[in-house]
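> here's my sequence, what's the structure:
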Amino acid sequence: MLFQLIGSALVLGAFCAVAMRRTQPESVLYLLANVVGATLLAVDAFFLRQWGFFALEAIWAIVSGWNLGRSSLRRA
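Residues are numbered from 1 along each chain as shown. Model prediction:
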């Protein structure tokens with residue numbers, strides 16, 4: 001339950017920050033919040049055998065991680 005609350009808060013917080021124009025979807029903070037939040041939710045879904053939710057969150061984490069890596073390479 002704690003993983004769900006933390007993961008959801010991170011993903012929704014990042015979404016709200018972009019929606020309220022406090023950050024950009026390409027920002028490291030936004031992408032990091034999505035990677036960590038989606039990973040927590042995916043791990044929880046895996047252990048609860050919620051395969052549809054696991055697939056959604058795992059893909060969300062992978063795409064966010066990919067973009068975080070690209071963003072980090074552009075900054076280096």
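> over to residue 21. Which of the three states is it?
For residue 21, the secondary structure call by DSSP: H, G, I helix; E, B strand; the rest coil comes out as coil.
> swap in the one 5 residues further on?
Here residue 26 is coil, with the state taken from three-state DSSP.
> which residue, other than its chain neighbours, is closest to it?
residue 71 (6.2 Å; Cβ to Cβ, 6 or more residues apart in numbering). Yep, even glycine has a C-beta here, placed from its N, CA and C like the rest.
> what helices and strands are in contact with the strand or helix carrying that neighbour?
Taking DSSP states H and E as the definition, residue 71 sits inside helix 51-75. If you count contacts as 3 or more Cβ pairs under 8 Å, 6 or more residues apart in numbering; DSSP states H and E, helix 51-75 packs onto helix 28-47.
> between the helix it packs on and helix 51-75, how many degrees?
Relative orientation of helix 28-47 and helix 51-75, computed by axes from the mean of the first three to the mean of the last three Cα atoms, to 10 degrees: 150 degrees.
> list the buried residues in helix 28-47.
30-45 (16 or more other Cβ atoms under 10 Å).
> for stretch 64-72, same thing?
For stretch 64-72, by 16+ other Cβ under 10 Å, it's 64, 65, 67, 68, 71.
> including pLDDT and distance to residue 56, could these go into JSON lines?
Compiled in JSON lines, these are given as follows (pLDDT from 0 to 100; distance: Cβ to Cβ, whole Å):
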{"residue": "64", "pLDDT": "96", "distance to residue 56": "12"}
{"residue": "65", "pLDDT": "96", "distance to residue 56": "15"}
{"residue": "67", "pLDDT": "94", "distance to residue 56": "17"}
{"residue": "68", "pLDDT": "93", "distance to residue 56": "18"}
{"residue": "71", "pLDDT": "83", "distance to residue 56": "22"}
